[in-house]
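Peer 1: quick one, structure for this:
(2 chains)
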2 protein chains.
Amino acid sequence: MPNATPSWLDKVRYNADGLVAAIAQDAKTGRVLMMAWMNQQALHETQQTGRAVYWSRSRQALWRKGEQSGHTQQVHDIRLDCDGDAILLQVTQVGGIACHTGRQSCFYQQLQEKDGSPRWQAVDPVIKDPDEIYS
Amino acid sequence: MPNATPSWLDKVRYNADGLVAAIAQDAKTGRVLMMAWMNQQALHETQQTGRAVYWSRSRQALWRKGEQSGHTQQVHDIRLDCDGDAILLQVTQVGGIACHTGRQSCFYQQLQEKDGSPRWQAVDPVIKDPDEIYS
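Peer 2: Just a heads-up that it's a prediction; the model follows:
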């Protein structure tokens, strides 16, 4: 049965939408770059190509990370968590920019207190203008 | 309006179940320890107490991490991602064990190739017997 789903893909617990959460971490610095979603096909293609492929929930399509921006992610390690519903990738982030805002990481908003009130504060620099990235 | 929801909590994009994904990363080693979910109350309590509080989807209840095991997470930093639907915590993992299997991290299954077939392989040691943790 060459076309049967490989069993490792079946061990992942996809949610009702057929998706599993996927976290990308910079293999060198350990920085968490982004969290996105994969369906079975995206995960399979990630394993086969060694490049991160996600599922875009907004576009409802496979999202080959970097296909527009060139900021692909080379995948060195794929992990599954204890209950099978989250994936962790160790990646090399080509171009050093994972976020569509032109920042290194999508997690650039830090909760800070100002005058006793917490608020989200953007703390990481924009490395490259998004207009430049996607033009 | 002292009981109004603080605006920083409103900036988070909760999903249809009222939940946001939350990743816990070891503040010192950078290791990703787990991914879980928070509702607004869990996030608020995390900020107020400095200890990680999640929402248990299986129990449908607040999950004060470590309330049974003692393996609490001290939270040093809270980040929100670009589209507001994922949280990243920098934590100190008390006891050094985040996973209910007695391992340091929930991401202990690594995708490896054996005889040309990928499979998930547990690669991290059990530090403490779960029966001991939860007794």
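Peer 1: what average pLDDT does stretch A:59-71 get?
Peer 2: The pLDDT scores in stretch A:59-71 average 95.
Peer 1: let me know the pLDDT of A:Leu19.
Peer 2: Reported pLDDT for A:Leu19: 98.
Peer 1: got the residues of chain A near chain B?
Peer 2: Counting by CB under 8 Å from any CB of the partner chain, the positions of chain A adjacent to chain B are A:6-8, A:11, A:21, A:23, A:25, A:29-32, A:34-35, A:47, A:77-83, A:86, A:88, A:99-101, A:103, A:106-111, A:117-120. C-betas here are computed from N, CA, C, even on glycine.
Peer 1: how close does the residue of chain A found nearest chain B get to B:Ala52?
Peer 2: As assessed by CB to the nearest CB, chain B sits closest to A:Gly30 within chain A, at 2.9 Å. Distance of A:Gly30 to B:Ala52, computed by CB to CB, to the nearest Å: 19 Å.
Peer 1: need the strands for chain A, in chain order.
Peer 2: A:20-26, A:32-38, A:53-56, A:61-64, A:73-80, A:86-93, A:109-114, A:117-122 (DSSP state E).
Peer 1: what would those strands look like in TSV with mean neighbour count?
Peer 2: Converted to TSV, the strands of chain A look like this (neighbours: other CB atoms under 10 Å in any protein chain shown):
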stretch	mean neighbour count
strand A:20-26	22
strand A:32-38	24
strand A:53-56	22
strand A:61-64	15
strand A:73-80	20
strand A:86-93	23
strand A:109-114	15
strand A:117-122	14
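Peer 1: can you redo those as a markdown table with distance to B:Arg59?
Peer 2: Converted to a markdown table, the strands of chain A look like this (distance: least, CB to CB, whole Å):
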| stretch | distance to B:Arg59 |
| --- | --- |
| strand A:20-26 | 19 |
| strand A:32-38 | 23 |
| strand A:53-56 | 28 |
| strand A:61-64 | 33 |
| strand A:73-80 | 22 |
| strand A:86-93 | 18 |
| strand A:109-114 | 26 |
| strand A:117-122 | 27 |
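Peer 1: just the terminal-to-terminal distance for stretch A:8-21.
Peer 2: 16 Å (CA to CA, to the nearest Å).
Peer 1: so for it, what gets flagged as buried?
Peer 2: For stretch A:8-21, burial by neighbour count (16 or more other CB atoms under 10 Å in any protein chain shown) applies to A:8, A:12, A:14, A:19-21.
Peer 1: got the contact list for it?
Peer 2: Stretch A:8-21 is contacted from outside by A:35-40, A:43-44, A:55, A:57, A:80, A:83-87, B:21, B:35, B:111, B:117-120, using CB atoms under 8 Å, 6 or more residues apart in numbering or on different chains.
Peer 1: the biggest helix by length in chain A packs against which elements?
Peer 2: Ranked by residue count under DSSP state H, the longest helix found in chain A is helix A:40-49. Counting contacts by 3 or more CB pairs under 8 Å, 6 or more residues apart in numbering or on different chains; DSSP states H and E, helix A:40-49 is packed against helix A:7-10, strand A:53-56, strand A:61-64, strand A:73-80.
Peer 1: which of these sits closest to B:Val94?
Peer 2: Minimum separation from B:Val94 across the helices and strands packed on helix A:40-49 (CB to CB) falls at strand A:73-80, 22.9 Å.
Peer 1: contact partners for the closest residue to A:Thr101 other than its chain neighbours?
Peer 2: Distances taken as CB to CB, 6 or more residues apart in numbering or on different chains put B:Cys82 closest to A:Thr101, at 5.4 Å, once the chain neighbours are dropped. With contact taken as CB under 8 Å, 6+ apart, B:Cys82 is in contact with A:99-101, A:103, A:106, A:108-109.
Peer 1: if we use 7 Å, what do you get?
Peer 2: A:99-101, A:106 (CB atoms under 7 Å, 6 or more residues apart in numbering or on different chains).
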